[in-house]
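Q: heads up, no residue letters with this:
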């Protein structure tokens with residue numbers, strides 16, 4: 001994985017990938033992703049907004065049944081934190 005500047009941050013190992021309809025993403029997956037307060041409600045709100053913008057950008061309409069790719073991974077190597085300019 002890299003940051004937005006393309007600098008390496010860590011190496012991950014994919015453990016599982018599942019494609020499920022948006023409305024079937026589980027509470028457990030939302031909590032594991034760890035964004036916001038970790039709730040499914042929060043996950044759905046922010047991801048619906050994001051996917052809605054992306055769908056609009058490519059001329060599609062978001063749907064509760066749209067397929068979502070859910071990846072589970074493990075960090076297997078974390079490099080040294082990048083040096084910051086003084």
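A: Structure's in. What do you need? Keep in mind it's a predicted model, so treat the numbers as computed, not measured.

Q: Neighbours of residue 30, how many?
A: Counted with other Cβ atoms under 10 Å, the neighbours of residue 30 add up to 21. For glycine as for every other residue, the C-beta is placed from the backbone atoms N, C-alpha and C.

Q: Tell me the secondary structure at the closest residue to it other than its chain neighbours.
A: Leaving aside its sequence neighbours, residue 30 sits nearest to residue 43 (Cβ to Cβ, 6 or more residues apart in numbering; 3.5 Å). Of the three states, residue 43 takes helix according to DSSP: H, G, I helix; E, B strand; the rest coil.

Q: Would you agree residue 43 is in contact with residue 34?
A: No: with contact defined as Cβ atoms under 8 Å, residue 43 does not count as touching residue 34 (9.9 Å).

Q: more crowded one of these two?
A: Using other Cβ under 10 Å as the criterion, residue 43 and residue 34 rank with residue 43 on top: 21 against 9.

Q: What distance do you get for the more buried one to residue 61?
A: Residue 43 is 21 Å from residue 61, where distance means Cβ to Cβ, to the nearest Å.

Q: In contact with the residue positioned nearest the centre of the chain, which residues are there?
A: In the chain, the centroid-proximal residue (Cα atoms, centre = their mean) is residue 33; its distance is 6.9 Å. By Cβ atoms under 8 Å, 6 or more residues apart in numbering, the residues touching residue 33 are residue 43.

Q: Can you read off the backbone torsions of it?
A: With angles defined as degrees, to the nearest 10, residue 33 sits at phi -60, psi -30.

Q: Check residue 30 too.
A: Main-chain dihedrals, residue 30, degrees, to the nearest 10: phi -60, psi -40.

Q: Just the pLDDT for it.
A: pLDDT for residue 30: 96.

Q: Now do the contacts for it.
A: 38, 39, 40, 42, 43, 44.

Q: Over to residue 64?
A: 21, 22, 23.

Q: just the buried members of the residues you listed?
A: residue 22 (16 or more other Cβ atoms under 10 Å).

Q: which of the contacts of residue 64 lies closest to residue 54?
A: Ranked by distance to residue 54 (Cβ to Cβ), the contacts of residue 64 are led by residue 22 at 12.3 Å.
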